[in-house]
Structures are given as C-alpha cells and as structure tokens.
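Chemist: Got a predicted model here, sequence first, then my questions.
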Amino acid sequence: MAEKDQQPHRDELAESLNDLFNAMSTMITSELQGTNNQLDLLEKMNLRVAEEYKGFGDVASGLRVYVEQLKSKSGNFDEYVQQIEVIEQQVTEFEAVISMLDRYVSTLESKVQSVYQFHPPPPAPPSS
C-alpha cells in the first residue's frame, strides 16, 4: 500500500517537473525569439546606414574629383599670380620714381618762381 501512495505522489512530481520544464522552455524560446527580433532590427538598421553612407561615399568621391580639378586650375593660376606679383613690384618701383620726379619738379618750379620774382621776364616785343 505504501507503493500505491507513492505512485500518485510521483505522478504529481513528474507533472510538476514537466510543467516546470515546459515553462522554462517557453521562457527560453521567448528570450531567443526576442534576441532574434533584435538581431533582425539591427540588420535592417545596418542596411539602412550602409545605404546612407554609400550615398556619402559617392558625394565624397565627387568632391575628391572636384578638388583635384580645382587644384589643377589653381596650378594654372600660379603663373598668373607670379606675373601679377611682378607687375605689382614694377608699379611700386614706378611709384617711387614718380615720387622722386614730383619732388624734383616741385623744386624746379620753386626755383623758376623765385627767379621770376627777382627777375621779371622782359616785355614782349610789340606786335606788328
């Protein structure tokens, strides 16, 4: 009779363990499904970001070509910049010469005026 009492007890224990394992299995399956969903979302996000960065890569590539073209063009301007610098140096030198000539003309003008003040010009001959 002791065996018959233990049998229902064992069935209850087996049933409880079975419920426990089923609950744990459901919990683990849910956690794995949640992790799987997160990985799917992460994959979609990565694909979206990759698309966006691909566009940035295209833009960067275009900018690189544009910068190279500008460098090429600016190289052509270097010759003109040097010519402009030479012209600017010549203008500075001409300004110095003009300033010296201006002072010289002013000095001559002063001397001529002083000569005319002390020695007026002779009267003009009468017209015929």
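Modeler: That came through, no problem. Residues are numbered from 1 along each chain as shown.
Chemist: count of neighbours near Ser127?
Modeler: Ser127 has 4 neighbours, counted by other Cβ atoms under 10 Å. From N, CA and C alone the C-beta is placed, and that goes for glycine too.
Chemist: err, Leu101, not the other one
Modeler: Neighbour count for Leu101, taken as other Cβ under 10 Å: 10.
Chemist: same deal with Phe56?
Modeler: Per other Cβ under 10 Å, the neighbour tally for Phe56 reads 9.
Chemist: now it: how far from Gly62?
Modeler: Going from Phe56 to Gly62 by Cβ to Cβ, to the nearest Å gives 11 Å.
Chemist: distance between the helix or strand harbouring Lys44 and the chain's centre?
Modeler: Lys44 belongs to helix 2-118 when assigned by DSSP states H and E. Centre-to-centre, helix 2-118 and its host chain are 6 Å apart (Cα atoms, centre = their mean, to the nearest Å).
Chemist: Done for today, thanks.
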